[in-house]
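> Dropping a prediction and its sequence here:
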Amino acid sequence: MRQLFGLALTAAAGLALLPVATMAQTPKSGGTLNFAVVAEPPTFDCHATTTFATIHPVRPHYSGLLRLSGDVNKKLAIVGDLAKSWEMSKDGLTYTFKLHEGVKFHDGSDFSSADVKASYERIVNPPTGVVSARKALHTDIVAIETPDKSTVVIKLKAPNASMLNNFASPFNCIYSAAKLKQNPNYPATEIMGTGAFQFVNYTKGSVWEGKKFANYFQKGKPYLDGYKAFFVKSSAVVPGIQGGQFDAEFRGRTPKERDQLKAAMGDKITIKEGPWTTNLILVFNTKKKPFDDVRVRRALTMAIDRWGSAPNLAKISLMKFPGGFVRPGAEYALSDAELKKLPGFATDMTKAREEAKRLLKEAGVSNLKIAFLNRNVAEPYTPAGIFVVDQWKRIGVQADHKQLETKLYFDAFKKGDFDVGINFIADYIDDPSIHFLKVVPGTAVNYSGGDNPKLKELFAQQSKQVDPAARKKLTDEFQKIAINDAHSAMLFWWQRIIVYNKKIKGWELHASHFTGQELVDVWLDQ
Amino acid sequence: MLTYLLRRLILMVPTLIGVAVVTFFLIRVVPGDPVVVKLRADGAAVTEETIQAERKRLGLDKPLMVQFKDYMVGLATLDLGRSLWTENTVASEIATRFPVSLQIAIMATIIAVLIAVPLGTLSALYRDTWIDYLVRIVAVSGLAIPSFWLGMLMILGSLALFNWLPPIGYVSFFENPVANIVGLIMPAVSVGYRYAAVATRMMRSALLEVLREDYIRTARAKGVFRQLVVRRHALSNAMLPVVTVVGLEFAFLIGGLVVTEQVFNINGIGKLFVDATTRGDFTLIQGLILLIAVIFVVVNLVVDLLYAALDPRIRLS
Amino acid sequence: MANLAPTAPSTAAAADAIPRRPNAILQFIRQQPLGFAGFLVILLYVAFAVGAIWIAPYDPEAIDFSAMLAAPSPEHLMGTDQYGRDVFSRIVYGARTALAVGILSSLVGCSIGALVGAASGYFGGWIDTGIQRVVDIMLSFPIIVLAMVVVAVLGKWPVLGVDMNLVIAIALPFMPKMARVARSSTLAIAQMPYIDAARAGGYSHTRIVLRHIVPNIVAPYLIMVTAFIAQAILLEASLSFLGLGVTEPTAAWGLMLSGKSADFYREAPWMILFPGLAITLAVFAFNLFGDSLRDWLDPKMKG
């Protein structure tokens, strides 16, 4: 425990050094960052939303307690935002945050611990009329205390291994307590926070503008004079970057779009590529015969050549990384060597497919026909469907590929109206408690209907285990059992490709398109 | 004449109301849900609570009949509502995209007439010769080539010949007329080609019909120069069916726009319609269909009026 | 408007023209060589559709990453797509989709349209007025717009590998057009004295319709059916191109041109060339055959 605390402090201290250590150039001040957002924000309220369409334009106006920093290909770490430092008690039940002093809101009022309390209470216990989209993740919070203006103590009813991630969530914006008192729903329609940028103007369907907040608490920052977020269609991003209408899009582009921009703009662009905390899984409907038979499920996942196909699929789709139920490369991921021992991750495909055919024969379903459910979204669902149908054919299994409109697709999963379906796991951060939700027996989103008490037990244990090494042991065991049970099988993790004009500096690639959008450290080299 | 016009205008109303009513209920029995599509677009976990809040905000939680009443009241005051996706007014969504599509339509029509009138005339004058066969084959192939494929072929062709891709992005005519025309010429040709094919066939058969008529025979008997006959008498009469075709084929023009704008990535009403359909954006679909129906009905009326103006034998009553 | 539209073939003459002569086929070949050529191409496509398993060198859905975007060669006559799937095999199998959807939707659309139109013309009165209003409304939707909305409404309903809802979506826009033609044909007959006589004689509606009306609609019906098959193939291709028709990995020509294929203009033009050619040739053949059939069945319409 102490070790963790020490780590966290080092990370907080490291933040100050990070820019000096990693940047060859000294940041220049000035200029406006123009970027594209491919959807319109349904609300301004971070707490109520689940979409990047709100995060990308809105998050630069706000601060959180903590935030995620670094580059996914080097090291991602939780660092302080409004919190200068933090400490978890040995029993894992109390978090104490020391806040920065002299922090101002955009309206000139002073920020204090009361604002943190009001904001988190709004998440944990939203008043009527207020939507709190991630309330369920915060149910362990029982009390929020403010011993003084710069200290917040958050008390939990049980240890929660994901709590630090929640405190660093990009959705947990800190709002003004005074303003919330007047109108608990002000953040839905009005912007007022402590972030690096002040709200200027929003024209629906067109543009969102922010300008530098002169009294931002990190001295000398932000570097930008302001930013403009242009709301455009996804198909307009490549021509827009090419034509200079804007210089970036921070959700992600396809490999082909990257190639097009590279061909057109050469060395005028920066390309950042890495893994994405999003994946595609195959969900087997274990309530239906013959998918209640583990041999059939294993055979179907064993037919899929993950290692051999990944490099080729990565050229034409967003699918790229074979992995377990935690993103490859993340803290709690299984290593490739461990994976290769598990069903579906063999490298000798001839042998694996022979074994798969044998299993099907043993289960008495040699001529299996599958109603294969998929979503009618082009990328990467369609390529995944085409791929899986082909792979199954190789062990003599016929699949009727059905791509449904998003709502019908989710309804079909909920009603169990499928044999096997392509689903996904996605969230803002690499956290086993979040990523295992669709695999743990008994949750509303585990559409497989599979059961194994051991999985439930391990899940509960790991979610309370605040010691990383001990938690890793539990999650490894969980993953191995889950992969062997094959109620659901991991297909691929996605790749995140960001292409932007070379003049943009200081922007870091995270594994999620929700984090790293505060724009505090971004500057323009012009 | 005036009473005829009035009667036609009044008759339009029930048809258009019919279109509006049919569309409203037709797209609302679509089992999909634009709110879910929108919120799920991101892949992140969405709670049922969030979905309900968004439905409420957009007024989709109201009973169907209340929504219908709102829609009809809106229509009566020429208010088409707001897009469920971008939340701009439907009118402004359409207004920003309409000019490009209109320009392509006009250019396509010009191209069609420029191709159809000479080809159809030649074909009729040299009936059953190789010229006639050639023209007819060109015309039948025009009906066979999918407009989106023709567009793709032109892109391929310009890549192969000039290593040049048509510029992406629309430039206003008033900003830079040359860039504007260059940018839209390929879509206009791919839409207009089919149009031209239909009009050529129509032109040919109409001209043959007219050439058989008595007064042409008289003119010929009088020894009037063949060219003159064609120009003065036959051609003006044969323009009638061409005008008809321009009106009747308008539906195809819209269809052509829907797919062609997709090929050239043009932000016109065709692309808007495809986007609206894939997103289940009810209000936008309603607005667009109504707009298309209005244009269709008006174009038909104009064609009828033109018909009367061109041919004194036809009396409108 | 309706009276100005050059649609309805003169039917009384056409009915007599329905050939019952034994050498009718030979006569058709002699009189309509172009139409016969079209017919031969149609036969070729039918052969593709029926014998796909034997004709196609590869499984049309089989991925081969070692042959991604391969150029045309003896192994892959028309090259491969981004998944390494054989384009020629996909075109051969695509004939199944095109013909099944094309023929079925044209038959469904024309049959329903003919029934409705005949009823409208025969009964007259408020039935006629009502049906004509509906027809007016349907005609004010551009075909593809109507089909797109219907596809979205109905979703998918596969029967023996053919999406029946796609068939309905494509058939629907044909109904009002066929109804118009059938109505005017029926009107022409319904005025005839012998129909009045039949009515006066107390014959049932069914009998009159079957004995006197139906034979007179057969010629325009056949003409419309062939003409609409071509249109239906085009429409299916357009819908699949827009991603609203056939689902991957099923082979369909429009689908082969849709979405990502445009990403490969430079690397793989064959991905765009051949499927388009397949559509064009099929529609061309049906158009030629349809035109000839019309000229042959109804010489008066020849222009």
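Sure thing, it's come through.

> Residue B:290 and residue B:74 touch, don't they?
No. Judged on Cβ atoms under 8 Å, residue B:290 makes no contact with residue B:74 at a distance of 11.2 Å. For every residue, glycine as well, the C-beta is placed using N, CA and C.

> ok, residue A:243 - how many residues close by?
Residue A:243: 12 surrounding residues under other Cβ atoms under 10 Å in any protein chain shown.

> shared neighbours of residue B:290 and residue B:74, anything?
By Cβ atoms under 8 Å, 6 or more residues apart in numbering or on different chains, residue B:290 and residue B:74 have these common neighbours: residue B:80.

> These two - which one has more neighbours?
Neighbours were counted for residue B:290 and for residue B:74 using other Cβ under 10 Å; residue B:290 has more, 21 against 15.

> What sits closest to that one if chain neighbours are left out?
Leaving aside its chain neighbours, residue B:290 sits nearest to residue B:20 (5.7 Å; criterion: Cβ to Cβ, 6 or more residues apart in numbering or on different chains).

> could you say which helix or strand contains the one you found?
Using DSSP states H and E, residue B:20 maps to helix B:2-28.

> tell me the mean pLDDT over that helix?
The average pLDDT for helix B:2-28 rounds to 80.

> Quick one: list the elements packing against the very next helix or strand once past it.
The first helix or strand that comes after helix B:2-28 along the chain, using DSSP H and E, is helix B:34-40. Under the contact definition 3 or more Cβ pairs under 8 Å, 6 or more residues apart in numbering or on different chains; DSSP states H and E, helix B:34-40 sits against helix A:406-415, helix B:48-57, helix B:269-279.

> Who are the packing partners of the second one?
Other helices and strands packing on helix B:48-57, by 3+ Cβ pairs under 8 Å, 6+ apart, are helix B:34-40.

> From the chain's centroid, how far away is the helix it packs on?
Computed by Cα atoms, centre = their mean, to the nearest Å, the chain-centroid distance of helix B:34-40 equals 30 Å.

> Next: stretch B:260-270.
The answer for stretch B:260-270 is 13 Å, by Cα atoms, centre = their mean.

> cool, and stretch B:273-283?
Relative to its chain's centre, stretch B:273-283 lies at 18 Å (Cα atoms, centre = their mean).

> what comes up buried for it?
B:273-283 (16 or more other Cβ atoms under 10 Å in any protein chain shown).

> what helix or strand is residue C:189 on?
Judged by DSSP H and E, residue C:189 forms part of helix C:174-190.

> Check residue A:492 too.
Using DSSP H and E, residue A:492 falls within strand A:488-501.

> State the distance from the residue nearest the centre of chain B to chain C.
Centroid-nearest residue in chain B, with Cα atoms, centre = their mean: residue B:254, separated by 2.8 Å. Using Cβ to the nearest Cβ, to the nearest Å, residue B:254 is found at 4 Å from chain C.

> cool, and residue B:36?
15 Å.

> quick one: that residue and residue A:406 touch, right?
Yes. Assessed by Cβ under 8 Å, residue B:36 is found in contact with residue A:406 at 5.4 Å.

> The helix holding residue C:189: what's the following helix or strand?
Heading C-terminal from helix C:174-190, the first helix or strand you meet, by DSSP H and E, is helix C:193-200.

> Sort out which residues of that next one are buried, please.
Applying 16+ other Cβ under 10 Å to helix C:193-200 flags C:195, C:198 as buried.
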